[in-house]
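# Need coordinates for the below:
(one chain, ligands or ions: 2)
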Amino acid sequence: MQLIDTGTHPIATDEYRSRCRAALRQHGALVLEQFFSPEMIERSLADAVERESLAFFADSTHNVWLTPPDPSRSEGHSSNRQVVSSKGLIADDQVPTDSPLRNVYGDDAFRAFLCAVLDIDEIHPYADDLSSINVHYAPEGRELGWHFDNSSFAVTMLLQAPVAGGRFEYVPNVRTDPAVHDRIDSILDGSVAVESLAFAPGDLVLFRGHDALHRVTPTEGTTTRVLVVFAYNDRPGVGLSTSALQTFYGRVD
Ligand SMILES: O=C(O)CCC(=O)C(=O)O
Ligand SMILES: [Fe+2]
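Residues are numbered from 1 along each chain as shown. Ligands and ions are numbered 1, 2, ... in the order given. Below you'll find the predicted structure:
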């Protein structure tokens with residue numbers, strides 16, 4: 001099965017790689033439309049829909065930093081303001097062994113392309129059994145609250161768009177702003193304009209979510225938003241702590 005449309009997206013060429021690298025550097029996000037083949041999307045979506053009932057929904061609240069609350073700060077401080085994340089997910093060990101997602105994740109040409117575009121020397125899977133490939137599900141009314149990612153980059157692919165809602169919204173360079181707490185307040189209060197990133201099933205999305213505050217709005221309508229996260233590290237041997245595994249997956253192995 002062809003995984004990537006290399007006719008439209010010549011990922012092995014220096015010219016294409018530098019164009020993507022420049023665009024990511026400039027915008028903090030890169031959407032490569034129809035990057036994956038229709039067969040790959042169709043197979044992965046069918047596998048994902050079959051496993052939706054296995055998804056773990058933490059139904060948790062968290063702050064934008066994904067850290068525990070800080071009792072030494074005021075209630076309104078950004079470390080104590082809670083947002084809701086109600087989407088669910090399945091972990092790497094629930095993705096079928098013959099899934100085309102595994103072929104993409106492990107593909108040398110794809111990894112070399114990511115290294116070039118992300119400007120990193122090495123790319124490695126997670127050392128734990130749960131984190132490398134995840135499928136996220138947001139049925140009607142479910143969302144992902146405002147947060148900064150712990151990792152410096154994210155690689156995702158939408159498999160199914162909801163009829164409405166499920167919009168990816170972001171504000172670049174918030175973490176690094178000297179007025180970071182005020183910026184967070186106004187974003188959480190909904191008093192400033194935010195940007196949104198449009199992408200469709202089959203698009204490859206690269207996003208620098210470490211410094212950009214971002215969220216996904218609640219799904220509207222009965223079609224579940226389904227999205228794949230390909231999670232990598234630029235160092236070998238990195239796994240999530242048992243407390244992080246428990247929070248994200250409701251289990252540690
Ligand atoms: O669902 C998305 O499009 C983004 C997911 C995300 O921000 C995350 O998993 O940290
Ligand atoms: Fe994120």
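# in the stretch 51-200 of the chain, what spans have low per-residue confidence?
For the stretch 51-200 of the chain, no stretch has pLDDT under 70.
# Where do the strands of it begin and end?
Listed in chain order, the strands of the stretch 51-200 of the chain (DSSP state E, counting those that start in this stretch) span 56-57, 60-62, 83-85, 88-90, 133-138, 144-147, 154-160, 164-165, 168-171, 195-197.
# Going along the chain, name the helices of the stretch 151-253 of the chain.
With DSSP state H, counting those that start in this stretch, the ranges of helices along the stretch 151-253 of the chain come out as 180-189, 242-249.
# same for the longest one, what does it pack against?
For helix 180-189, the helices and strands in contact under the criterion 3 or more CB pairs under 8 Å, 6 or more residues apart in numbering; DSSP states H and E are strand 144-147, strand 213-216. (Glycine included, C-beta is placed from N, CA and C.)
# Can you check which of these gets nearest to ligand 1?
The closest of the helices and strands packed on helix 180-189 to ligand 1 is strand 213-216. By CB to the nearest ligand atom, the value is 4.6 Å.
# What is the closest one packed up against?
strand 144-147, strand 168-171, helix 180-189.
# Around ligand 1, pick out the residues from the stretch 1-150 of the chain.
For the stretch 1-150 of the chain, the contact set with ligand 1 under CB under 6 Å from any ligand atom comprises 136, 144, 149.
# The second one touches residue 88, doesn't it?
No: at 10.6 Å, residue 144 does not count as touching residue 88 under the criterion of CB atoms under 8 Å.
# list residues touching both of the two?
136, 138 (CB atoms under 8 Å, 6 or more residues apart in numbering).
# Spell out which residues of the stretch 151-253 of the chain are next to ligand 2.
residue 209 (CB under 5 Å from the ion).
# Quick check, the residue in the stretch 151-253 of the chain closest to ligand 2?
Using CB to the ion, the single residue of the stretch 151-253 of the chain nearest to ligand 2 is residue 209, 4.3 Å away.
# residues contacting that residue?
Contact analysis of residue 209 by CB under 8 Å, 6+ apart lists 147, 148, 149, 151, 153, 154, 170.
# and if you look at residue 163?
By CB under 8 Å, 6+ apart, the contact set of residue 163 is 220, 221, 222, 223.
# How much space separates the second one from residue 194?
Put plainly, it is residue 221. For residue 221, the distance to residue 194 (CB to CB, to the nearest Å) stands at 22 Å.
# again with the last one
Counting by CB to CB, the gap from residue 223 to residue 194 is 24 Å.
# Angles on the backbone of residue 44, please.
Note on residue 44: backbone dihedrals following degrees, to the nearest 10 are phi -70, psi -40.
# does residue 42 sit in a helix, a strand or a coil?
helix (DSSP: H, G, I helix; E, B strand; the rest coil).
# how many neighbours does it have?
Using other CB atoms under 10 Å, the number of residues around residue 42 comes to 14.
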